[in-house]
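Engineer: how would this look folded up:
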Amino acid sequence: MPDLRFTLLPEGSSDRALIPLLTWLLRDVGVRRAIQSNLADVWRLREEPRGLGEKIIRSIELYPCDLLFVHRDADREPQETRVVEIQNAVQNAQQSIIVSPVVCVVPVRMQEAWLLFDAAAIRRAAGNPNGRETLRLPELRRIETLPDPKNDLYNFIRTASGLTGHRLKRLKVRELSSRASQVSGYIEDYSPLRALPAFRHLETQLREVVNEQGWVS
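Structural biologist: Got it, this is the predicted structure:
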């Protein structure tokens, strides 16, 4: 049975943290074949594609795939607005290239909000898995209303690290970003995120595509 290849077209390099989540979802909706993943880092190209449609084209050209995930944070826009933006970009891209099935990944806020529910994963990413520092994680139903979930995740990592004084001050943004990107890899079960409408929408889209393509074993 051939591998299932998916490509994630991100908004930035930190979106690599979405790959374990998307892989978990594929498994959860019934895909049993081996899964290969790529991050379409089109921003590294000498001439970065301008519009989303062009980015979709370049992603498929550089990272051929069976399934393309396109991530856009909703930020202050309604989720539906971002979904329509992606759908329109896909239609534009289809005029130039055969586009793989596309699934929209649109968290209500930043994708970091989807990592704020698993204290054990945050402790492991912070390098202190057995730490006892209190992590007052937000209630699940509130995580997509947080104004700056990325900063919240960084602060939880600082606390979970158990570091103090000069050692804590040496924990700079670059290292915090690296540790934050590791959190998703330590999460074993993303099912609690089903409390969030945006995550349920992602799962519904993916299940429909997987069934339509006959990828369920």
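Engineer: hey, let's count contacts and neighbours off CA atoms from now on
Structural biologist: OK.
Engineer: contact partners of the worst-scoring helix or strand of the chain on mean pLDDT?
Structural biologist: Within the chain, no helix or strand scores below helix 165-169, which has a mean of 85 by mean pLDDT, DSSP states H and E. Identification of contacts with helix 165-169 by CA atoms under 8 Å, 6 or more residues apart in numbering yields R158.
Engineer: quick check: next helix or strand after it?
Structural biologist: Heading C-terminal from helix 165-169, the first helix or strand you meet, by DSSP states H and E, is helix 173-186.
Engineer: next SSE after that next one?
Structural biologist: Scanning onward from helix 173-186 (DSSP H and E), the first element met is helix 197-213.
Engineer: now do that following helix: which elements does it pack against?
Structural biologist: strand 102-105 (3 or more CA pairs under 8 Å, 6 or more residues apart in numbering; DSSP states H and E).
Engineer: tell me the mean pLDDT for whatever helix or strand comes next after the strand it packs on?
Structural biologist: Reading on from strand 102-105 to the C-terminus, the next helix or strand found by DSSP H and E is helix 119-125. Over the span of helix 119-125, the pLDDT mean works out to 97.
Engineer: may I have helix 119-125 as PDB, with CA atoms only?
Structural biologist: Extracted in PDB, the C-alpha atoms of helix 119-125 (Å, rounded to 0.1, in the frame of the first residue of the first chain):
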ATOM      1  CA  ALA A 119       0.700  20.400  30.900                       C
ATOM      2  CA  ALA A 120       2.800  17.200  30.600                       C
ATOM      3  CA  ALA A 121       3.800  18.000  27.000                       C
ATOM      4  CA  ILE A 122       4.700  21.600  28.000                       C
ATOM      5  CA  ARG A 123       6.900  20.300  30.900                       C
ATOM      6  CA  ARG A 124       8.700  17.900  28.500                       C
ATOM      7  CA  ALA A 125       9.300  20.600  26.000                       C
END
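Engineer: got the contact list for stretch 196-210?
Structural biologist: Against stretch 196-210 from outside (CA under 8 Å, 6+ apart): 25-26, 29, 31, 79, 101, 103-108, 140-141, 193-194, 216.
Engineer: redo that, cut-off 7 Å
Structural biologist: Outside of stretch 196-210, the residues within contact range by CA atoms under 7 Å, 6 or more residues apart in numbering are 29, 103-108, 141, 193-194, 216.
Engineer: now swap in stretch 75-93 and tell me
Structural biologist: Contacts of stretch 75-93 with the rest of the structure, by CA under 7 Å, 6+ apart, involve 52-54, 56-57, 72, 74, 104, 106, 108-110.
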